[in-house]
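Trainee: Make a model of this:
(chains A and B)
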Number of protein chains: 2
Amino acid sequence: VTGPEPLPPAPDVEVIGLDADDTLWHNESFYADAGATFAEIIAPWIPDGEDVASRHYETERRNLELFGYGAKGFTLSMIETAIELSGGRVSSAAIGELLALGKRMLAHPVDLLDGVREAVERLAEHHRLVVVTKGDLFHQEQKFAASGLDALVDRVEVVSEKDVRTYRSVIGRVGVDPSRFLMVGNSVRSDVLPPIEAGGHAAHVPYEITWVHEHVDDAPVAFPVLPSLSAFADWITTR
Amino acid sequence: VTGPEPLPPAPDVEVIGLDADDTLWHNESFYADAGATFAEIIAPWIPDGEDVASRHYETERRNLELFGYGAKGFTLSMIETAIELSGGRVSSAAIGELLALGKRMLAHPVDLLDGVREAVERLAEHHRLVVVTKGDLFHQEQKFAASGLDALVDRVEVVSEKDVRTYRSVIGRVGVDPSRFLMVGNSVRSDVLPPIEAGGHAAHVPYEITWVHEHVDDAPVAFPVLPSLSAFADWITTR
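Mentor: Below you'll find the predicted structure:
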């Protein structure tokens, strides 16, 4: 988004907000794998050439205001899409397979991104760390407990949406001036633009895949982009 | 549980924790209605005499460590139970009806219990109020926003489990000594015993139905039982 410009100097902040899914641990790649398995399971009932992934995303978007984010809503939307696309012909055995697929997503071990453990250790030496993560409260708490990062992080804020209001409220609960808060994460839409609008700072560490829902075409402000959480830790700790 | 003993004098507390589902608004009655509709939808595929409600509860219990509490997990467990009890013969149209039933639960308007609005107004005059509610973050926040009670309540803590550790952490975040915190709610298991064990106080306001998962046979401590939130407000404000 910013191109190969030189990095600005890092701001002097007290609290670093860390996104979790696709910043600390792999997530979107599991969803992409699950999406491919979903298409295979329902293939016998679906007309050739139907774009199952796009139709599933449409269902997810439509259901977002009822389900919110997370694997349970993803699973319910897979079942709904399967029934719709098959004209009600999909077998209940196949629906049982979709349920099992959803459960495997919920039970999947947490897989930290390369270098994350060491980067978070370095960040924790000079900053208070707060994980700010969107999605299902229960599942996010489970993943965080399984991440082994809990001793390094001050608090975990599971939020239902990452907008300006949410960041204002998180920064208030943490008890710092917004200018002393910096958020780092893989989504420009959720981790970068709203904390900047709330008066704080942000840095972007892209993940290999971006969920279409999180995609932003044109960002109205400039922000530093770093290739990994390790590179982010280098930048913020050597100011 | 305590029988018709005289009420003890109310403790002098600063913060009152309020349970939400079945304390501020109706909830279990919607789940009971949904359970009855569930049994009707799948009846054509189920052997006579099968206890659908018990089998659904077994599925829910088994899935609790993956799904947590809430209407999305309830719906996924209905679908799983329908497939299991029917030996895979249930139609996908019926599964579509179960999905629609789950969505109706999520979209259901918030229906405050009688007298709750006025009771919460009275409580807010002399106490800081914190809603402590278990379940789905997204759905609980939506219900609270729809309740019209937000101006009276200091904060809402949506938690994944109501145990001693949770109450210690909530009391810490609220910033009072445990002896100055009192929790009121309809579940002895979730709203009464753990806050007492955390060093706080509690009062029990039973609801007309108790979910079997929340049932406690023998409580190891005594606590006040009041017939309504209005009666609780009378008791706590006239100490």
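
Trainee: which residues does the residue located most distally from the centre of chain A contact?
Mentor: Here chain A reaches farthest from its C-alpha mean at A:Arg89, the gap being 34.0 Å by CA atoms, centre = their mean. If you count contacts by CB atoms under 8 Å, 6 or more residues apart in numbering or on different chains, A:Arg89 has them with A:45, B:92. In this view, the C-beta of every residue, glycine as well, is placed from N, C-alpha and C.

Trainee: ditto for A:Gly68
Mentor: When contacts are counted by CB under 8 Å, 6+ apart, A:Gly68 touches A:135-136, A:160, B:136-139.

Trainee: again, only using 7 Å
Mentor: Applying CB atoms under 7 Å, 6 or more residues apart in numbering or on different chains to A:Gly68 gives the contacts A:160, B:138.

Trainee: likewise A:Phe138?
Mentor: B:68, B:160.

Trainee: secondary structure class for it?
Mentor: Secondary structure state of A:Phe138, per DSSP: H, G, I helix; E, B strand; the rest coil, is helix.

Trainee: Let me know the pLDDT of it.
Mentor: For A:Phe138, the model assigns a pLDDT of 90.

Trainee: So what does the residue farthest from the centre of chain A look like in phi/psi?
Mentor: Backbone torsions of A:Arg89, given as degrees, to the nearest 10, read phi -90, psi -10.

Trainee: pLDDT wise, what is it at?
Mentor: 95.

Trainee: A:Thr37: neighbouring residues, count only.
Mentor: Neighbours of A:Thr37 under the rule other CB atoms under 10 Å in any protein chain shown: 16.

Trainee: again, but for A:Asp12
Mentor: What A:Asp12 shows, counting by other CB under 10 Å, is a neighbour count of 11.

Trainee: Which strand or helix spans it?
Mentor: Assessed by DSSP states H and E, A:Asp12 sits outside every helix and strand.

Trainee: Let me know whether the lengthiest strand in chain A sits next to chain B.
Mentor: Scanning chain A for the longest strand, with DSSP state E as the assignment, gives strand A:128-134. No. Against chain B, strand A:128-134 shows no contacts by CB under 7 Å from any CB of the partner chain, the least distance being 9.6 Å.

Trainee: ok now that strand, how far from the chain's centre?
Mentor: Chain-centre distance of strand A:128-134: 12 Å, with CA atoms, centre = their mean, to the nearest Å.

Trainee: Show me what that strand is in contact with.
Mentor: Outside strand A:128-134, the residues that touch it by CB under 7 Å, 6+ apart are A:14-21, A:69, A:120, A:123, A:140, A:144, A:152-159, A:161-162, A:170, A:174, A:183, A:190.

Trainee: same question, stretch A:23-36
Mentor: For stretch A:23-36, the surrounding residues in contact (CB under 7 Å, 6+ apart) are A:18, A:21-22, A:53, A:56, A:74, A:101, A:105, A:108, A:110-113, A:116, A:143, A:147, A:149, A:184-186, A:205, A:207, A:209, A:211, A:229.

Trainee: neighbours of A:Ile46, just the number please.
Mentor: Neighbours around A:Ile46, by other CB under 10 Å: 19.

Trainee: do A:Pro47 as well
Mentor: Counted with other CB under 10 Å, residues neighbouring A:Pro47 total 8.

Trainee: For B:Asp217, see how far away it is.
Mentor: The gap separating A:Pro47 from B:Asp217 is 56 Å, by CB to CB, to the nearest Å.

Trainee: just A:Pro9 next, same as before
Mentor: Per CB to CB, A:Pro9 is found 64 Å from B:Asp217.

Trainee: Who has more neighbours out of these two?
Mentor: Shown here are A:Pro9 and B:Asp217; by other CB under 10 Å, A:Pro9 has more neighbours (10 against 6).

Trainee: secondary structure class for that one?
Mentor: A:Pro9 ends up coil, using three-state DSSP.

Trainee: List the contacts of the closest residue to A:Ser86 other than its chain neighbours.
Mentor: Leaving aside its sequence neighbours, A:Ser86 sits nearest to A:Trp45 (CB to CB, 6 or more residues apart in numbering or on different chains; 3.6 Å). Contacts for A:Trp45 (CB under 7 Å, 6+ apart) come out as A:86, A:89-90.

Trainee: Export only the CA atoms of the longest strand of chain A, formatted as PDB.
Mentor: Output of strand A:128-134 as PDB, limited to C-alpha atoms (Å, rounded to 0.1, in the frame of the first residue of the first chain):
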ATOM      1  CA  ARG A 128       2.800  -3.300  27.800                       C
ATOM      2  CA  LEU A 129       1.100  -5.700  25.300                       C
ATOM      3  CA  VAL A 130      -2.600  -6.000  24.700                       C
ATOM      4  CA  VAL A 131      -4.000  -8.500  22.300                       C
ATOM      5  CA  VAL A 132      -7.000  -7.000  20.500                       C
ATOM      6  CA  THR A 133      -8.800  -9.700  18.500                       C
ATOM      7  CA  LYS A 134     -12.200 -10.000  16.700                       C
END
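
Trainee: Can you pull the residues of chain A lying near chain B?
Mentor: Applying CB under 7 Å from any CB, one finds that chain A approaches chain B through A:66-68, A:72-73, A:75-76, A:79-80, A:83, A:88, A:90, A:92-93, A:95-96, A:99, A:103, A:106-107, A:137-138, A:141, A:158, A:160.

Trainee: just checking, which of those belong to strands?
Mentor: Judged by DSSP E, strands contain the following of these: A:Val158.

Trainee: pLDDT below threshold where in chain A?
Mentor: Along chain A, segments meeting pLDDT under 70 span A:1-5, A:212-215, A:239.

Trainee: Quick one: the strands in it, in order.
Mentor: Assignment of strands within chain A using DSSP E yields the ranges A:15-18, A:128-134, A:155-159, A:181-185, A:201-204.

Trainee: For A:Glu157, see how far away A:Val116 is.
Mentor: Between A:Val116 and A:Glu157 the computed distance is 19 Å (CB to CB).

Trainee: Show the contacting residues for A:Ile171.
Mentor: Counted by CB under 7 Å, 6+ apart, A:Ile171 has contacts A:178, A:181, A:198, A:200.

Trainee: What about the closest residue to the first one other than its chain neighbours, how many residues nearby?
Mentor: Nearest residue to A:Pro178, sequence neighbours excluded (CB to CB, 6+ apart): A:Gly199, at 3.3 Å. Each residue near A:Gly199 was counted by other CB under 10 Å, and the total is 14.

Trainee: pretty sure A:Gly199 contacts A:Ser179?
Mentor: Yes. Assessed by CB atoms under 7 Å, A:Gly199 is found in contact with A:Ser179 at 6.4 Å.

Trainee: returning to that earlier point: any idea which of the strands of chain A is most buried?
Mentor: Stretch with highest mean neighbour count among these: strand A:181-185 (a mean of 27; mean count of other CB atoms under 10 Å in any protein chain shown).

Trainee: Can you tell me what sits against that strand?
Mentor: Outside strand A:181-185, the residues touching it (CB under 7 Å, 6+ apart) are A:11, A:13, A:15-19, A:23, A:132, A:171, A:191, A:195, A:200-203, A:205, A:232.

Trainee: A:Gly172: neighbouring residues, count only.
Mentor: 11.

Trainee: how close does it get to A:Arg165?
Mentor: A:Gly172 is 11 Å from A:Arg165, by CB to CB.

Trainee: cool, and A:Val52?
Mentor: Taking CB to CB, one finds A:Val52 at 35 Å from A:Arg165.

Trainee: Of those two, which one has the most company?
Mentor: Each of A:Val52 and A:Arg165 has its neighbours counted (other CB under 10 Å); A:Val52 has more, 20 against 12.
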